[in-house]
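Visitor: Could you work out the structure for the sequence below:
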Amino acid sequence: MSKHEVKAMLPGVFYRKPSPSEPNYKEVGDSVAKGDVIGLIEVMKSFHPVASDADGTITAFTVDNEEAIAPGVTLVEIET
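Guide: Below you'll find the model as predicted:
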C-alpha cells in the first residue's frame, strides 16, 4: 500500500459537500474510485469539482471545509 495525495488545481475555497444542507461527498475511511467527486473548489462564485485521481481509501482530509486554499495544496490523502 502507498499514499497518494490529491492536490488543489486552483486557488479558492474548498468545500467537502455540494451544499450546506447536504452530507459530505466522502469521509475518512471511505473507499474512492478514480473519478469520484470528493469536494469542490469555489472561485469567484464558480464551483469546480475535485475528483479522486486514484483508487483506494481516504485516510485524511488535510484542509477543513470552507478553508481558503492555494494551487498545489494537498486536499486529501488516499491509501492505494
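Visitor: wait, what's in contact with the closest residue to Thr57 other than its chain neighbours?
Guide: Residue nearest to Thr57 in three dimensions, not counting chain neighbours: Glu79, with 5.0 Å by CB to CB, 6 or more residues apart in numbering. Using the backbone N, CA and C atoms, a C-beta is placed for each residue, glycine as well. Taking CB atoms under 8 Å, 6 or more residues apart in numbering, we find Glu79 in contact with 1-4, 56-57, 59.
Visitor: Which of those residues fall in strands?
Guide: 3-4, 56-57, 59 (DSSP state E).
Visitor: Which one of those is nearest to Pro23?
Guide: Thr57 (18.3 Å; CB to CB).
Visitor: how much space between that closest one and Val76?
Guide: Thr57 is 11 Å from Val76, where distance means CB to CB, to the nearest Å.
Visitor: Compare the two (neighbour count), which wins?
Guide: Higher neighbour count among Thr57 and Val76: Val76, with 25 against 14, using other CB atoms under 10 Å.
Visitor: correct me, but the more buried one touches Val6?
Guide: Yes: assessed by CB atoms under 8 Å, Val76 is found in contact with Val6 at 4.3 Å.
Visitor: Quick check: neighbours shared by the two?
Guide: With CB under 8 Å, 6+ apart as the test, Val76 and Val6 both reach 38, 50, 52.
Visitor: of these, closest to Ser31?
Guide: Closest approach to Ser31 among the shared contacts of Val76 and Val6 (CB to CB): Ser52, at 9.9 Å.
Visitor: Next, count neighbours for that closest one.
Guide: Ser52: 22 neighbours (other CB under 10 Å).
Visitor: How about it, nearest residue that isn't a chain neighbour?
Guide: Nearest to Ser52 is Val32, by CB to CB, 6+ apart, at 4.3 Å.
Visitor: One more: Lys34?
Guide: Here the residue nearest Lys34, using CB to CB, 6+ apart, is Asp55, at 5.5 Å.
Visitor: For the one you found, which residues are in contact?
Guide: 32-34, 80 are the contacts of Asp55 under CB under 8 Å, 6+ apart.
Visitor: Please identify, among the residues you listed, the one with the most neighbours.
Guide: Top of the contacts of Asp55 by neighbour count (other CB under 10 Å): Val32, with 23 neighbours.
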